[in-house]
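**Q** Build me a model:
(chains A and B)
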Amino acid sequence: MRKAEDMQWSSTERQGCVVASPDGRVDEATAQAFADHLASSVTLAAESPGRKLVVDFAGLDYMSSRGLRALTLAKRQADTAGVTMALARPNAVMREILAISRYDKLFPVSDTIEGAL
Amino acid sequence: MLIRFWGTRGSLPVAATASIVQEKVAGALLAASGRSFADLDEARAFTRNELDFATGGTFGGATTCVEIAAGDPDAGDPYILCDMGSGLRSFGLDAMRRCAAGHARVYHFFMSHLHWDHIMGFPFFVPAFDPNAHIVIHSGHEDAETALRRQQEEISFPVAFDWLRAKIEFRTLKPGEVYQIGAVQVEVMEQHHSHSSFGYRFTDADGKIAVFSTDSEHKMEKMHGEADVEAFFGNADLVICDTMYSLADSVSMKEDWGHSSNVVAIDLCHGARAKRLALFHHEPVYSDADIARMHAESIRYEELTREHAPLEVLCAYDGLEVVL
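**A** Next up is the predicted model:
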C-alpha cells in the first residue's frame, strides 16, 4: 500500500506562471495529498503575475477518479481566485484517462509546458 | 442467482424511430455485402453472431426494472424485483406466464426511490389485478405508498390504486439492518439523490451477492465516504451501478442531478474487489452506438486502472440475463 507521502510534488515559476509537477500515481492512497498540493499551488498561482497554474503531468503514471475530481475542486478554487488552470504533458495512459472521463473537455491539455503557458 | 434486466434506461423511456431502424438495417446490409442467406434462421444467426451489438441489437429503452431470481421457484420462493420502471410491464406479462406454470404469486419489490421513471410501470403491472397475488413493496422511503397512490389518482391515470385486486403491503427498511426476504438476505444503503435513494445488497443461500445501486451521486466533497460504498459493494459477484454520465459531466453541467459515471463506478468496484459491474441507467439521449462506445471505454479504463483481479464490465440492456 502506498502512502500519501509517496506523492512527490515540486513547483517552479515560468513566465510568471506556476508550474506544478506531481510525481507517481494518484489513487485512493495519494489522492488527498494530491488535492492538498493542488490547493496550495492554486494559492501560489493567485499570487503570481500570470495568475495561471500549469499542472505538469509528465511524472504521473496514472490517476483514478479521485485525482480527477480533485482537479475539479482545484479548478473551482482557481475560478474563484481568478486563476486559470491547464494540464500539460500527459503520458499515453493519462491522455486516455482524460479522454474517457471527458476531462479533456474541462481542461486545456497541451503536449508541452510552453504550449500550456 | 440469475439477474434479468427488464429495463435499463434512465429518466425516460425511449423508442427507436424509423431513421434509427433504417441506420441499423443499412449497417447490417453493408456488413453482409456479398453474403447470401438460405433462410431466415441463417440471417438471424448472422445478426446475432456477426454484427456488433449496436447494429444488430439495441440496449433498449425501458426504464429501471431488474429481477433477482434466487432460490427455487418450484419450492415456492417469491419474485424479487428492483424498481417499477416501464420495464415492469414486460416482467408482469412474463410473470403471469410463469405463474400459470406454478410460480408463487408473491412479489417483493425493492425501491431505489420514488421518482417517476422508477414507478411508472406499476399502473401497467398486470399481476396487480390478480386477486391471488401478494405484492410487498419494500422501500427505504416512508412515503412509497403515497407516491404509488398519487400516480393512480384520476388526474393522472384512469384506474385507481384501490381498484387493484392483489393484496398490496408496504414495508419501510432501514440501513444497517439485515433482512431475510424470500430466498435472499437484503441489506440497505442510503444514497445521495434528490429525496434520497437507496441501494440494496442481495445475498442468496449459496453466498452469491448482487448489488443494485442506481440513481446515486458520489459527491466530490464527500469522497472520504466512499469507503462505506466500497464496503457495501464488497466482494459482490455483480454490482448494478448508475453510470448515466461521463465523469466530466457529472462534476460540471450535471452536478447535483443525482447520478454517477462509468469511471467512478469502476473505481468503487475496484476498491470493493467486486467481480462484475453492469453499467446501468443509460442516458436517454444516448444512441446504441453511444452506449456501446461508453462500454468499450469503460472496459479500457478498467484495464488502465486495474491493480488486483480483473473486474468484468458488462453493459446492461433490456433482456440481458446474468448468471452468478
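**Q** phi, psi of the residue nearest to residue A:48 when sequence neighbours are not counted?
**A** Nearest non-adjacent residue to residue A:48, counting by CB to CB, 6 or more residues apart in numbering or on different chains: residue A:18, 5.4 Å away. (Each C-beta comes from the backbone N, C-alpha and C, glycine too.) With angles defined as degrees, to the nearest 10, residue A:18 sits at phi -90, psi 130.
**Q** repeat for residue A:105
**A** Per-residue torsions, residue A:105: phi -90, psi -20 (degrees, to the nearest 10).
**Q** show me where pLDDT drops low in the chain?
**A** Defaulting to chain A. A:1-6 (pLDDT under 70).
**Q** Single out the residue in chain A that lies closest to chain B.
**A** residue A:102 (3.6 Å; CB to the nearest CB).
**Q** Can you pull out the residues in contact with stretch A:43-57?
**A** The contact list for stretch A:43-57 (CB atoms under 8 Å, 6 or more residues apart in numbering or on different chains) reads A:11, A:13-22, A:38, A:41-42, A:71, A:74, A:78, A:81-91, A:94, A:113, A:116-117.
**Q** from the chain's centre, how far out does that stretch sit?
**A** Its chain's average C-alpha position is 10 Å from that of stretch A:43-57, according to CA atoms, centre = their mean, to the nearest Å.
**Q** what about that stretch, how long is it end to end?
**A** 19 Å (CA to CA, to the nearest Å).
**Q** buried sites along it?
**A** Neighbour counts over stretch A:43-57 (16 or more other CB atoms under 10 Å in any protein chain shown) mark A:45-46, A:48, A:50-57 as buried.
**Q** Counting only strands, which of these make the cut?
**A** Within the buried residues of stretch A:43-57, residues falling in strands by DSSP state E are A:52-56.
**Q** Of those residues, which pair is most distant in space?
**A** A:52 and A:56 (12.7 Å; CB to CB).
**Q** what's whichever strand or helix holds residue B:146 in contact with?
**A** Assessed by DSSP states H and E, residue B:146 sits inside helix B:144-150. With CB under 8 Å, 6+ apart as the test, helix B:144-150 has contacts from B:111, B:114, B:119, B:122, B:137, B:141, B:156, B:161, B:170, B:172.
**Q** who are the neighbours in contact with the residue of chain B found nearest chain A?
**A** When scored by CB to the nearest CB, chain B has residue B:248 as its residue closest to chain A, at 3.6 Å. Residues near residue B:248 by CB under 8 Å, 6+ apart: A:101-103, A:105-106.
**Q** Include secondary structure and neighbour count when you put those into CSV, please.
**A** Below are the contacts of residue B:248 laid out as CSV (DSSP: H, G, I helix; E, B strand; the rest coil; neighbours: other CB atoms under 10 Å in any protein chain shown):
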residue, secondary structure, neighbour count
A:101, coil, 27
A:102, coil, 20
A:103, helix, 26
A:105, helix, 14
A:106, helix, 21
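**Q** just those residues now: which is nearest residue B:217?
**A** For the contacts of residue B:248, the nearest to residue B:217 is residue A:101 (15.8 Å; CB to CB).
**Q** wait, what's in contact with the closest one?
**A** By CB under 8 Å, 6+ apart, residue A:101 lies in contact with A:65, A:68, B:246-248, B:261, B:263, B:301.
**Q** Residue 79: how many residues sit nearby?
**A** Went with chain A since none was named. The number of residues packed near residue A:79 is 12, by other CB atoms under 10 Å in any protein chain shown.
**Q** wait, I meant chain B there
**A** 24.
**Q** same deal with residue B:324?
**A** 19.
**Q** And residue B:273, by the same measure?
**A** By other CB under 10 Å, the residues close to residue B:273 number 14.
**Q** and if you look at residue B:45?
**A** Neighbourhood size, residue B:45 [other CB under 10 Å]: 11.
**Q** Help me confirm that it is found in a helix?
**A** Yes. Counting by DSSP: H, G, I helix; E, B strand; the rest coil, residue B:45 falls inside a helix.
**Q** Spell out which residues of chain A are next to chain B.
**A** A:27-28, A:31, A:62, A:64-66, A:68-69, A:72-73, A:93, A:96-97, A:100-103, A:105-106 (CB under 8 Å from any CB of the partner chain).
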